[in-house]
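*Asks:* Got a predicted structure here, sequence first:
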Amino acid sequence: MSVVRSLILFLAVAAALSGCRRAESRSPASTAAQVQPVEVTNVQRRDLSETLNLVGSVAANESATIRPEMSGLVRSIHFEEGQQVQKGQLLLKVEDSELRAQLAQSEASYRLAELNLQRAEQLWQTRSNSLADVDRARSEFASAKSDLELINVRLDRTQIRAPFDGVVGARALSPGDYVTPQAIVTTIDDLSRLKIDFQVPERFVAKVRHGTHFRVRSPALAGAQVEGEVYFTAAVVDRATRSSEVKGYVTGDAAGLKPGMFANVELVLEVRRQVLTVPEGAILTTTRGSQIVMVKEEGGVKTAAFVPVRLGLRAAGVVEIAPLEGDLDETSQIVASGVGALTLFPGAKIEPRPFVEDIGQLSQS
């Protein structure tokens, strides 16, 4: 029995000593002595852009539906479908033989009224007639002149001309058709430059103004993108959609885009110039706010220092920061990733290693 009691006592003492050693290994002093490998990078200055992705529609610079101003038979058509036409070019002629007969009659009446006025004024100089005769001759001349001008206006309306330079579309009429002012002859589009029409949500409207830049992407551009600039913002917000209409001109080479196509619009709301940025993985979010872990060196030993920061724009995997305490610049080295998963505390010893992702290669907006 004594041998058994001695063995039990020996095992108890050994277990107690082992527990003490494990407790010592878990003590803060022991943990502080450990060195934590971390990936580090320098704080960088870059331009950051706040952007908004929207869907827009492509439109021509000018677009018009061509209709006749007078009813009548189509005498002739002077354009080919898809043809480039110039402003003022004749497109269609409506039958005008009746109006030309009226024109000849009005010209004769005008010449007679002009002669009568001349005679009346000559007789008035010799007091051979009354002033009433002169006034009557003047009134008849003015009436004949206005009748002649009216016939000329009506004749001019039998000729449909291009309102601006552009490309005509398909025609819906043929010579011999009877047309009215409601009939559609064709369409004409000015493709010298293109417009983009899109809707901006109300909370972003205040940041959009004349001259705001945007980028356009479309499957028709085969992966390329073109630049654009806003020229119009609606003064009101649509109650149904809670958005405001915005239009812009495409300023780059938009070969491939056609009016009516949809396009993806990346609207640049704001550009921050040369702000301090860090990788998104470097941000530690706590109950006391956002922080980053800066590498601090004292006596050749590198330790972790926690710096509270205010966050700004996010773009291309980086975040704009502004230190709330202390100073940060391009020479400041910070823990670049995984700060929430690392065992770090103020003063913890760290072993800096190069950051595997080169944020310097990220595109700067």
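*Replies:* Yep, that arrived. All values derive from a computational prediction rather than experimental measurement. Numbering: from 1, shown residues only.
*Asks:* which strand is the longest one in this structure?
*Replies:* strand 44-66 (DSSP state E).
*Asks:* Which neighbours in the sheet does that one have, and how are they oriented?
*Replies:* strand 186-201 (antiparallel), strand 262-279 (antiparallel) (DSSP bridges).
*Asks:* What's the first helix or strand after the shortest one?
*Replies:* Just to be clear, that refers to strand 186-201. strand 213-217 (DSSP states H and E).
*Asks:* Direction included, what does whatever helix or strand comes next after that following strand pair up with?
*Replies:* With elements assigned by DSSP H and E, the helix or strand that comes after strand 213-217 is strand 225-233. Using DSSP bridges, strand 225-233 pairs in its sheet with strand 213-217 (antiparallel), strand 243-250 (antiparallel).
*Asks:* closest to residue 166 out of those?
*Replies:* Taking Cβ to Cβ, strand 243-250 is the member of these nearest to residue 166, at 16.4 Å. Any C-beta I mention is one placed from the backbone N, CA and C, and that applies to glycine too.
*Asks:* Could you pull up the mean pLDDT of the closest one?
*Replies:* Mean per-residue pLDDT for strand 243-250: 95.
*Asks:* for stretch 155-166, same thing?
*Replies:* On average, stretch 155-166 scores 94.
*Asks:* re the thing from before, dump the strands paired with strand 44-66 into CSV; add distance to residue 122 and mean neighbour count as well.
*Replies:* Converted to CSV, the strands paired with strand 44-66 look like this (distance: least, Cβ to Cβ, whole Å; neighbours: other Cβ atoms under 10 Å):
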stretch, distance to residue 122, mean neighbour count
strand 186-201, 53, 19
strand 262-279, 73, 18
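*Asks:* show me where this protein has helices.
*Replies:* Listed in chain order, the helices of the chain (DSSP state H) span residues 2-25, 28-33, 97-125, 131-156.
*Asks:* and the angle from the third one to helix 131-156?
*Replies:* Relative orientation of helix 97-125 with respect to helix 131-156: 160 degrees, computed using axes from the mean of the first three to the mean of the last three Cα atoms, to 10 degrees.
*Asks:* which other helices and strands contact helix 97-125?
*Replies:* Counting contacts by 3 or more Cβ pairs under 8 Å, 6 or more residues apart in numbering; DSSP states H and E, helix 97-125 packs against helix 131-156.
*Asks:* what's the helix it packs on packed up against?
*Replies:* Right, helix 131-156 is packed against helix 97-125 by 3+ Cβ pairs under 8 Å, 6+ apart.
*Asks:* Buried residues, the helix it packs on. List them.
*Replies:* Using 16 or more other Cβ atoms under 10 Å as the test for burial, helix 97-125 gives 99, 102-103, 106, 109-110, 113, 116-117, 120.
*Asks:* Now do the same contact list for residue 85.
*Replies:* 79, 91, 162, 165-168, 188 (Cβ atoms under 8 Å, 6 or more residues apart in numbering).
*Asks:* Let's see that with 10 Å instead.
*Replies:* 78-79, 91, 161-168, 186, 188 (Cβ atoms under 10 Å, 6 or more residues apart in numbering).
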